[in-house]
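Undergrad: sequence? don't have it. structure:
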């Protein structure tokens, strides 16, 4: 494990870590470059446990002793620098110990992810990385099996998504779906009932739906502003709504995911 102490930023090997706060740039560079970024000891440990391979690590001198036991690959370079230089490189204060660029794993086919699943979440056009990460954390904590994302949904392996999820995006199976109606065809072929969480005159209250749910359910969630597209709702088998009070019509999408998954999880536990 070569430890490289840097005193300036004129080193091509640091390119994985430049301009991390430029979201538009990173959205293009990270998937195309075959990498994602894992931040903090817990997240990096989960990435390694999932079998993901690090490409390089960035840290401060004071964190080096904590980092060494995590890495058993002697070829991974570890770049060490003073906090001010690291902030100049990345664009923010690296206060979580260390940052690793990881080789991005190849996504599985949707049919493989769905094969043994009974509860999955489908994200349509959710562009906020914080919401994506929070949903993955709910999926992991509330016992769902997988997440499937549409082509225009934010990258679950973007640094903020990984961090907010507490690394659960590295342990929950996920993949991308094609556009509608092909996405619905894949879910139906796997035996899933598509339940769209949305507002509609004929929507079924969540507690009613969760009292006697289908064996295999795909919970469909839409974008932060407009919710699900008309096409998505048209491809769903049922529209489900969360009963609300005090004139509030809906929850934040991450909160709605947690409520929906908890309701379905409760019905499974009480029926077992």
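TA: Yes, it's here. Keep in mind the model is a prediction, meaning the values are calculated, not measured. Numbering: from 1, shown residues only.

Undergrad: Which residues are in contact with residue 31?
TA: The contact partners of residue 31, by Cβ atoms under 8 Å, 6 or more residues apart in numbering, come to 104, 155, 157. From N, CA and C alone the C-beta is placed, and that goes for glycine too.

Undergrad: Next, the second one: secondary structure please.
TA: Reducing the assignment to helix, strand or coil with DSSP: H, G, I helix; E, B strand; the rest coil, the entry for residue 155 is coil.

Undergrad: So the residue nearest the centre of the chain versus residue 23, what's the distance?
TA: Geometric centre of the chain, nearest residue: residue 156, 3.4 Å, by Cα atoms, centre = their mean. Plainly put, residue 156 is 15 Å away from residue 23 if you go by Cβ to Cβ, to the nearest Å.

Undergrad: And for residue 60?
TA: For residue 60 relative to residue 23 (Cβ to Cβ), the value is 24 Å.

Undergrad: Would you mind telling me which of the two has more residues around it?
TA: Using other Cβ atoms under 10 Å as the criterion, residue 60 and residue 23 rank with residue 60 on top: 17 against 14.

Undergrad: For residue 85, see how far away residue 103 is.
TA: 25 Å.

Undergrad: Then residue 233?
TA: 51 Å.

Undergrad: again with residue 199
TA: 50 Å.

Undergrad: what do you get for residue 256?
TA: For residue 256, the distance to residue 85 equals 42 Å [Cβ to Cβ].

Undergrad: who has more neighbours, these two?
TA: A count of neighbours by other Cβ under 10 Å puts residue 256 above the other of residue 256 and residue 85, at 22 against 15.

Undergrad: Strands of the stretch 151-272 of the chain, start to end?
TA: For the stretch 151-272 of the chain, strands defined by DSSP state E, counting those that start in this stretch occupy the ranges 174-176, 193-197, 204-205, 217-221, 238-241.

Undergrad: which stretches of the stretch 151-272 of the chain have low pLDDT?
TA: Under the criterion pLDDT under 70, the flagged ranges of the stretch 151-272 of the chain are 266-272.

Undergrad: at 50 what do you get?
TA: For the stretch 151-272 of the chain, the stretches with pLDDT under 50 are 267-272.

Undergrad: mind giving me the domain split of the chain?
TA: Domains of the chain are assigned by automatic domain parsing as 3-103, 110-271.

Undergrad: Show me which of those domains has the highest average neighbour count.
TA: Across the domains of the chain, averaging neighbours per residue (mean count of other Cβ atoms under 10 Å) puts domain 110-271 on top, at a mean of 19.

Undergrad: about what we covered before: for the residue nearest to the centre of the chain, give me its contacts.
TA: 132, 133, 136, 147, 149, 162, 165, 169, 174.

Undergrad: Let's see that with 7 Å instead.
TA: Contacts for residue 156 (Cβ atoms under 7 Å, 6 or more residues apart in numbering) come out as 132, 136, 149, 169, 174.

Undergrad: And it, how far from residue 182?
TA: From residue 156 to residue 182 the distance is 20 Å (Cβ to Cβ).

Undergrad: Kindly report the same for residue 55.
TA: For residue 55 relative to residue 182 (Cβ to Cβ), the value is 33 Å.

Undergrad: Could you do residue 249 as well?
TA: Counting by Cβ to Cβ, the gap from residue 249 to residue 182 is 31 Å.

Undergrad: Over to residue 78?
TA: On the measure of Cβ to Cβ, residue 78 and residue 182 end up 44 Å apart.

Undergrad: same question, residue 25
TA: Computed as Cβ to Cβ, the residue 25 to residue 182 distance reads 30 Å.

Undergrad: cool, residue 212 as well?
TA: For residue 212 relative to residue 182 (Cβ to Cβ), the value is 29 Å.

Undergrad: One more: residue 104?
TA: 24 Å.

Undergrad: With residue 148 instead?
TA: From residue 148 to residue 182 the distance is 12 Å (Cβ to Cβ).

Undergrad: coming back round to it: the strands of the stretch 151-272 of the chain into JSON lines, with extra columns for distance to residue 15?
TA: Formatted as JSON lines, these follow (distance: least, Cβ to Cβ, whole Å):
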{"stretch": "strand 174-176", "distance to residue 15": "26"}
{"stretch": "strand 193-197", "distance to residue 15": "41"}
{"stretch": "strand 204-205", "distance to residue 15": "51"}
{"stretch": "strand 217-221", "distance to residue 15": "35"}
{"stretch": "strand 238-241", "distance to residue 15": "46"}
